[in-house]
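Asks: Sharing a sequence plus its predicted fold:
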Amino acid sequence: MAYWLGPWMGLPLLADVHEKQVQDQEKPEKFQVSMHLGHYEPDEVVVKVSDNVITVRAEHEEKSKNSYSFSSTVRQITAPEDARPNRLSGDLLIPNPHRAMAGPPTSSCDEPDERMARLTQAAYVWCAPAICALGLAANIANLTVLRRPPLRALTVYTYLHWLSVSDLLGLLFSTLFVYLLTQETRFDRCGASLSLAFYAAHLNKPLTNMFVSASVFITLWLSANRREAMMRPAAYHATETADLAFVRIAGSLVVALALYVPMVFQYEVQLDSTLGTYVLREEEFTATKGWLAYQWLLQASVRLLPSAIIVFNNVLVARGLLAQRNRRSLVPLSSDPTPPARGACVQRRRTTLMLPAISALSILTSVLSSVVFVWGQASHLYKEGYNCYQVWRALSNNLELFVFAANPVLNFVFSYDVRRGYHELARDIMRARCFSRRA
């Protein structure tokens, strides 16, 4: 997921008391704004574009032993409705005024589209909160069932248990993430409190993405567990122990945390003297090639490489199933060695399909997120298709949330033990209610 709170861009624009709109004789279709340089230095000026409104802010501070002076100015200019603010460019000319330009309108998908804006808003205002609420409830119920003694005895359910924990925490932090996204416009205009700004700057993206990555890594180890059950069924119980599962899961969390430590320093919190509240500003190193390389490294280590390994493990499991018509050689996912005779074959078939179903959703979201990431880099580079990219990014984010919410459902659909656990849990609740009424 990508998110900006207070998206101030450090462009060398200079705001002063006077500005005027001029027309370029060579390219009359371009919208231009000229601003006098004044006494501000280029590094003291930032510019933001939001809803066709260009906001330029400049601050100048001087300190000495016996004096202190501070000056600031803010100018807002509304671009024409047919302009494209995402193609804003600037030139610093001394002593000539600076000109900010927004390109001519086109019929392509990078033109501001009200329909796309509504779709993006619906994705974060309606769909994402609904998915998070349902996913939180489903994962809490799933954890309650997976902690029951019959299921805790099997190693494979250890992976499913911690996958549900990671999904639950991922949904929890994603809920806060979505809230900040929906409040982005208000924070941009009014700022935020220090605690909220600190969380948005240093914890929001690292924590959310950490648990997204942890879920991918745990799914990888789950596929490795099923591969061992298929390829080496005789040695499965000796090699795939609960201690090994714990080490793998703990390592997944540590690696996921380490990968996103740099994101803690991506933004800085600053007090806005005009608003009187706190805003976020992106650090300068995020515009370097090193930061871009780090983003590509994340895509490779969190998305593409785990997806390739998961596919490899599932291919081995599928080949083993095709080679062995009798599926009893596969170590079962059930804690009951003698499931009900009626539908026993269907139960075995369902348990073998649970891993491919979980893996398919994980691979789909990982590949789509990587494609959207590449699209986002291209849209920033070529200044085309940015609005379409935002819509697809919203779709990708909602799909990731859907996977978190769907994993407990897949456990229920494909695992006889999980369904039996829900039945026993419901029976215990009914007994407790009857006992409380009698008391």
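Replies: It's in. Source: prediction; values computed, not measured.
Asks: Neighbours of residue 273, how many?
Replies: 10 (other CB atoms under 10 Å). Bear in mind the C-beta positions are built from the backbone N, C-alpha and C, glycine included.
Asks: and the nearest residue to it once chain neighbours are set aside, how many residues sit next to it?
Replies: Once flanking residues are discounted, residue 273 sits nearest to residue 72: 6.2 Å by CB to CB, 6 or more residues apart in numbering. Residue neighbour count, defined by other CB under 10 Å, stands at 15 for residue 72.
Asks: ok, and residue 77, which helix or strand is that part of?
Replies: Taking DSSP states H and E as the definition, one finds residue 77 inside strand 68-78.
Asks: gap between the residue nearest to residue 273 and residue 57?
Replies: 7 Å (CB to CB, to the nearest Å).
Asks: one step back: write down the beta-bridge partners of the residue nearest to residue 273, one by one.
Replies: In this entry, residue 72 is beta-bridged to residue 59, by DSSP bridges.
Asks: That one contacts residue 45, doesn't it?
Replies: No. Applying CB atoms under 8 Å, one finds residue 72 not in contact with residue 45, separated by 10.5 Å.
Asks: so what sits against both of the two?
Replies: Contact criterion CB atoms under 8 Å, 6 or more residues apart in numbering; residues shared by residue 72 and residue 45: 57, 58.
Asks: List the buried residues of stretch 165-175.
Replies: If you call a residue buried by 16 or more other CB atoms under 10 Å, then stretch 165-175 has these buried ones: 165, 166, 167, 168, 169, 170, 171, 172, 173, 174, 175.
Asks: got the CA positions of that stretch in PDB?
Replies: Written as PDB, here are the backbone C-alpha positions of stretch 165-175 (Å, rounded to 0.1, in the frame of the first residue of the first chain):
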ATOM      1  CA  VAL A 165      -2.900 -14.000  14.000                       C
ATOM      2  CA  SER A 166      -1.000 -12.200  11.300                       C
ATOM      3  CA  ASP A 167      -4.100 -11.600   9.300                       C
ATOM      4  CA  LEU A 168      -5.900 -10.200  12.300                       C
ATOM      5  CA  LEU A 169      -3.200  -7.800  13.100                       C
ATOM      6  CA  GLY A 170      -2.900  -6.800   9.500                       C
ATOM      7  CA  LEU A 171      -6.600  -6.000   9.300                       C
ATOM      8  CA  LEU A 172      -6.400  -4.100  12.600                       C
ATOM      9  CA  PHE A 173      -3.600  -1.800  11.300                       C
ATOM     10  CA  SER A 174      -5.200  -1.700   7.900                       C
ATOM     11  CA  THR A 175      -8.300  -0.200   9.500                       C
END
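Asks: Give me the contacts around it.
Replies: By CB under 8 Å, 6+ apart, the residues outside stretch 165-175 that reach it are 1, 128-129, 132, 135-136, 139-140, 143, 204, 207-208, 211-212, 214-215, 218, 253, 400-401, 403-405, 407-408.
Asks: Narrow those to just the buried residues.
Replies: When the contacts of stretch 165-175 are checked for burial by 16+ other CB under 10 Å, the buried set is 1, 128-129, 132, 135-136, 139, 143, 204, 207-208, 211-212, 214-215, 218, 253, 400-401, 403-405, 407-408.
Asks: low-confidence ranges in the stretch 301-439 of the chain?
Replies: Flagging of the stretch 301-439 of the chain using pLDDT under 70 yields the residue ranges 324-352, 378-387, 439.
Asks: In the stretch 151-300 of the chain, mark out all the strands, start to finish.
Replies: Using DSSP state E, counting those that start in this stretch, the strands of the stretch 151-300 of the chain run over residues 267-271, 278-282.
Asks: Out of those strands, which one sits most buried?
Replies: The highest mean neighbour count among these, using mean count of other CB atoms under 10 Å, belongs to strand 278-282: a mean of 22.
Asks: could you give the mean pLDDT of it?
Replies: Model confidence over strand 278-282 averages 80 on the pLDDT scale.
Asks: and stretch 193-212, which residues are buried?
Replies: By neighbour count on 16+ other CB under 10 Å, the buried set for stretch 193-212 is 196-202, 204-212.
Asks: Just the CA coordinates for that stretch, please, in PDB.
Replies: In PDB, the C-alpha atoms belonging to stretch 193-212 read as follows (Å, rounded to 0.1, in the frame of the first residue of the first chain):
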ATOM      1  CA  SER A 193      -2.400  16.300  16.300                       C
ATOM      2  CA  LEU A 194       1.100  15.300  17.300                       C
ATOM      3  CA  SER A 195       0.300  11.700  18.300                       C
ATOM      4  CA  LEU A 196      -1.700  11.100  15.000                       C
ATOM      5  CA  ALA A 197       0.900  12.700  12.900                       C
ATOM      6  CA  PHE A 198       3.700  10.700  14.600                       C
ATOM      7  CA  TYR A 199       1.800   7.400  14.000                       C
ATOM      8  CA  ALA A 200       1.100   8.300  10.300                       C
ATOM      9  CA  ALA A 201       4.800   9.300   9.800                       C
ATOM     10  CA  HIS A 202       6.600   6.500  11.600                       C
ATOM     11  CA  LEU A 203       4.300   3.600  12.300                       C
ATOM     12  CA  ASN A 204       1.400   3.500   9.800                       C
ATOM     13  CA  LYS A 205       3.100   2.100   6.700                       C
ATOM     14  CA  PRO A 206       5.800  -0.100   8.500                       C
ATOM     15  CA  LEU A 207       3.300  -1.900  10.800                       C
ATOM     16  CA  THR A 208       0.700  -2.500   8.100                       C
ATOM     17  CA  ASN A 209       3.100  -3.700   5.500                       C
ATOM     18  CA  MET A 210       5.000  -5.800   8.100                       C
ATOM     19  CA  PHE A 211       1.900  -8.000   8.700                       C
ATOM     20  CA  VAL A 212       1.100  -8.200   5.100                       C
END
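Asks: now it: mean pLDDT?
Replies: pLDDT averaged over stretch 193-212 gives 89.
Asks: Need the contact partners of it.
Replies: Outside of stretch 193-212, the residues within contact range by CB under 8 Å, 6+ apart are 1, 3, 5, 166-167, 169-170, 173-174, 176-177, 180, 187, 191-192, 253, 256-257, 259-261, 263-269, 277-280, 302, 400.
Asks: give me that answer again for 6 Å
Replies: Stretch 193-212 has contacts (CB atoms under 6 Å, 6 or more residues apart in numbering) with 5, 166, 169-170, 173-174, 177, 180, 256-257, 260, 263-264, 267, 269, 278, 280.
Asks: Please flag which of those sit within helices.
Replies: Among the contacts of stretch 193-212, the ones falling in helices (DSSP state H) are 166, 169, 170, 173, 174, 177, 180, 256, 257.
Asks: Check what pLDDT the third one gets.
Replies: Residue 170 is assigned 92 on the pLDDT scale.
Asks: The closest residue to it other than its chain neighbours and residue 154, how far apart?
Replies: If the residues on either side of it in the chain are set aside, residue 170 comes closest to residue 211, at 3.6 Å by CB to CB, 6+ apart. Distance, residue 211 to residue 154, using CB to CB: 24 Å.
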